[in-house]
Every structure is written in structure tokens, then in C-alpha cells.
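Q: following is a predicted model, sequence given first.
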Amino acid sequence: MNPKLLLPAFLPLLLQPVLAQGPLTPPGPPAPVMKTLEQIEPRTVIAARTTTLVINQPGNYVLGGDITVGAVDGIRIEADDVTLDLGGFTISSTALSGSGPFRGIFVLGKNIVIRNGRIKSGFYNDAANLAGGGFEAGVEGGFNVPGEGFNVTVEDLQITGCRYGIVFYWPQSTIVVRDCTVRDGGGGILIGPTPGGIEGSVSGCTVQQVTGTGISAKLVRDCEIFVNGSSAPVGLRAMIANGCLVEGGSVTTTHRYNMP
């Protein structure tokens, strides 16, 4: 085909005026296309304080600083449907001798999640005997209150120097404790009504240098327990135990798997 014959057909297109395409400068910065964490999961931030924090409304709470108290509770959860993230911060007691009815976190509601932080006070293991003072418990829940205590999860806490690490008295199996460490106290992780009841489940936890019972729960999995008490402490009491290491205390289980 002769290209000279095509040229007249394209001339009208080539001679048309070029239309303006509008300004190239954007009217403003680009708008965010992703939601922030606060938009996805709204949370109430709790500032550092030296008095008891009482949570009496459902919601999602996160610490924004340490809580340091004397002979009083650090936090009291009196509402249902609460998630409490310690944000890596510490709840501590300055009480130096003995203990009273005060705890790092006292739980009186149901549908509760507590996670991600530290609780400490001044108890310690003195040659297999408990000495010092501070919180009666790092986390404590209920006194067999009817209708309360259902569905509580405690995870990723480091608890040091409390008379008891984590203790729940409710007679329900809906208490879950996982990936926590308890050191230097009179007892480790105890779930169930007293005396001698066992409920709930504990997994992936470490209990070290406590003078009394290490872990007491219905189901205990993949835990390390080292107790050192002068009065023949119980290292582990469970209905079902799987893959646990116990040193320095007795072991009482109904069913045992992957253990010596």
C-alpha cells in the first residue's frame, strides 16, 4: 500500500487543537486509605497513677503508664465484658511487710481478658520460707459469687513477689491462664474453689521459687514448675497434665501424658 495515499486521511486528526488536561498539581495530600488501630479497636487509655483504678464500665482498656500503690488494690474490674491490656507496663505495691486483702488486679466480673504486662511486689523466697510483703495476689478473682467469674482469660503476664501469683476461687472451668510467669511468692497459679477444688486450664506457664503449691488446675499443659518450700509443697495438682516439668514438689494427677 502506498503511504502517500493514507496521509490525506490522517491530516484532519493531526490538525485538531490539543485540548488542555487540567492542572497537574493535586488539591491536597492523599487521604489515608487504612484505618488506625484506634478506629479498628477503640480503647480507653489509662494514665499512670498511684491510686486504685476501678473499671466499672464494659470496654477495651490499655495502660499508658505504670500503676504504683501502697496497701490497696492496683486495679479492680467490677464490670463485665472488659479487655485490659497492660501495654507492657507494671502494677506494683510499695507495701514492704505482710499482706492484706489487696491485689494487683482484682476481678469481679465475667467475660474478662487481661494481658501483656507485669505485676510485682515485695515477697521473696528466703531459704525455702516466705518473707517480705506486698500484694496478696497478682491477679485474684471472686469468692464463689453466684453468676460471676465466667469466661476469664489471663495471658502474657510476668508476676513477681506476690503472695500468690494468679488465684481464682470460682467453681467454673471457664478460667484460662496461658503464657504467664510467676516467681518468688508463696503460691503460683491456683484455679478452683477452696479447699482442694481444681478448675480451669493452665498452659505454657512457668512457676519458679514459690514456697507453696506451684500449679493447681483441671487441665495443665506444657508448664515448668520449680518449687522450694520448707513444708513439702505440692508442685502440681491436676485432673489432666500433659508435657509438664516439675521439680521440688509432689505431683498429683488423675491422667498424665508425656511426663516422667
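A: Thanks, I have the structure now. Residues are numbered from 1 along each chain as shown.

Q: how near is the residue nearest in space to the middle of the chain to E247?
A: Centroid-nearest residue in the chain: R115, 1.6 Å away (criterion: CA atoms, centre = their mean). Noted for R115: a distance of 28 Å to E247, by CB to CB, to the nearest Å. All C-beta atoms are positioned from the backbone trio N, CA, C, and that covers glycine.

Q: where does the stretch 1-150 of the chain have low pLDDT?
A: The model of the stretch 1-150 of the chain has pLDDT under 70 over residues 1-41, 143-149.

Q: ok, which stretches of it are strands?
A: Listed in chain order, the strands found in the stretch 1-150 of the chain under DSSP state E, counting those that start in this stretch are 44-46, 53-55, 59-63, 67-69, 75-77, 82-85, 90-93, 103-107, 112-120, 124-126, 129-131, 137-141.

Q: how distant is the first one from the center of its chain?
A: Here strand 44-46 shows a centroid-to-chain-centroid distance of 16 Å under the convention CA atoms, centre = their mean, to the nearest Å.

Q: paired strands for it, with orientation please.
A: Take DSSP bridges as the rule and strand 44-46 pairs in its sheet with strand 59-63 (parallel).

Q: angle of the strand it pairs with against strand 112-120?
A: 10 degrees (axes from the mean of the first three to the mean of the last three CA atoms, to 10 degrees).

Q: and the contacts of strand 59-63?
A: Residues from elsewhere that reach strand 59-63 (CB atoms under 8 Å, 6 or more residues apart in numbering): 41-46, 48, 55, 79, 81-87, 89, 117.

Q: picking up where we left off before, for G243, which of the strands of the stretch 1-150 of the chain is the nearest?
A: Nearest to G243, of all these, is strand 112-120, at 23.1 Å by CB to CB.

Q: ok, back up a step: so the residue nearest to the centre of the chain is in contact with V139, correct?
A: No: using CB atoms under 8 Å, R115 is not in contact with V139; the gap is 11.0 Å.

Q: mutual contacts of these two, please.
A: Common contacts of R115 and V139 (CB under 8 Å, 6+ apart): V154, L157.

Q: show me the helices in the chain, by range?
A: With DSSP state H applied, the chain shows helices at 3-15, 37-40, listed in chain order.

Q: which one of the strands of the stretch 1-150 of the chain lies closest to F150?
A: Counting by CB to CB, F150 lies closest to strand 112-120 out of those; the figure is 9.2 Å.

Q: that closest one pairs with which strands?
A: In the sheet, strand 112-120 lines up against strand 82-85 (parallel), strand 90-93 (parallel), strand 152-160 (parallel) (DSSP bridges).

Q: between the ones you listed, which gets nearest to G196?
A: With CB to CB, the closest approach to G196 among the strands paired with strand 112-120 belongs to strand 152-160: 20.7 Å.

Q: let me know the angle separating the closest one from strand 103-107.
A: Calculated by the same axes, to 10 degrees, strand 152-160 forms an angle of 180 degrees with strand 103-107.

Q: so how far is strand 152-160 from its chain's centroid?
A: Relative to the centre of its chain, strand 152-160 is centred 4 Å away, using CA atoms, centre = their mean.

Q: what are the buried residues along it?
A: For strand 152-160, the neighbour count (16 or more other CB atoms under 10 Å) marks V152, V154, E155, D156, L157, Q158, I159, T160 as buried.

Q: could you dump these to JSON lines with distance to T211?
A: Formatted as JSON lines, the buried residues of strand 152-160 follow (distance: CB to CB, whole Å):
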{"residue": "V152", "distance to T211": "26"}
{"residue": "V154", "distance to T211": "22"}
{"residue": "E155", "distance to T211": "25"}
{"residue": "D156", "distance to T211": "25"}
{"residue": "L157", "distance to T211": "20"}
{"residue": "Q158", "distance to T211": "19"}
{"residue": "I159", "distance to T211": "15"}
{"residue": "T160", "distance to T211": "14"}
